[in-house]
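Engineer: okay, sequence plus prediction incoming.
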Amino acid sequence: MRRFSIVLTPLLLTGCIKGSATYYITESSNDHVITVRAEQEYFWKKQMTLTLVTSHMPECQRAFPMESVPLDEVSVELFANGDDVYSVRSSGELIQIDTLTCTQLAEPKPTALGQPVGTFFIDEKTVTFEKAAAAAPAAAAGAEPAPG
């Protein structure tokens, strides 16, 4: 009986999701990054535990635990505020971090998030980062000048 349970143990973990995706602040190197890790502890659990990791090597690296979110609602938005300060929004949680010192700052006002950088999400059991679409200038968006 014991041998049977040892053989079945890995099958209990096969449905779990555990992964991460990274945004490279400095695109030419992996020394300055923001990573979101997502973990579903058991296949029957419908919650994902999120962790935000900032890294500015060799100066600092730090993990920030985030809230658990429903499996079908994993969406972590990333915003740039300038001066290496980023805001991260997931469900009802809002975190602001300084990536040069890997420190958490005071929670920003929802109106002061900064420019959208992209979104971390679950795509078929894989954590993925998708960059935000670049904002189009008003003239290119079809706005016509007022008749003068």
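Structural biologist: Nice, thanks for sending it over.

Engineer: what lies in contact with stretch 78-93?
Structural biologist: 23, 25, 34, 36, 50, 52, 56, 66-67, 69, 73-77, 94-100, 105, 108, 112-120 (Cβ atoms under 8 Å, 6 or more residues apart in numbering). Every residue, glycine included, has its C-beta placed from N, CA and C.

Engineer: at 6 Å what do you get?
Structural biologist: By Cβ atoms under 6 Å, 6 or more residues apart in numbering, the surrounding residues in contact with stretch 78-93 are 52, 66-67, 69, 76-77, 95-100, 108, 113-118.

Engineer: just the buried residues of those.
Structural biologist: 52, 66, 69, 76-77, 95-99, 108, 113, 116-118 (16 or more other Cβ atoms under 10 Å).

Engineer: what about the helices in the protein?
Structural biologist: For the chain, the helices defined by DSSP state H cover 2-13.

Engineer: pLDDT weak spots in it?
Structural biologist: 1-15, 135-148 (pLDDT under 70).

Engineer: what do you get if the cut-off is 80, keeping everything else the same?
Structural biologist: Counting by pLDDT under 80, the ranges of the chain that qualify are 1-17, 43, 71-73, 92, 109-111, 123-125, 134-148.

Engineer: return the member of the buried ones among the contacts of stretch 78-93 nearest to residue 41.
Structural biologist: residue 69 (13.3 Å; Cβ to Cβ).

Engineer: quick one: contacts for that closest one?
Structural biologist: 48, 91.

Engineer: many thanks, we can stop here.
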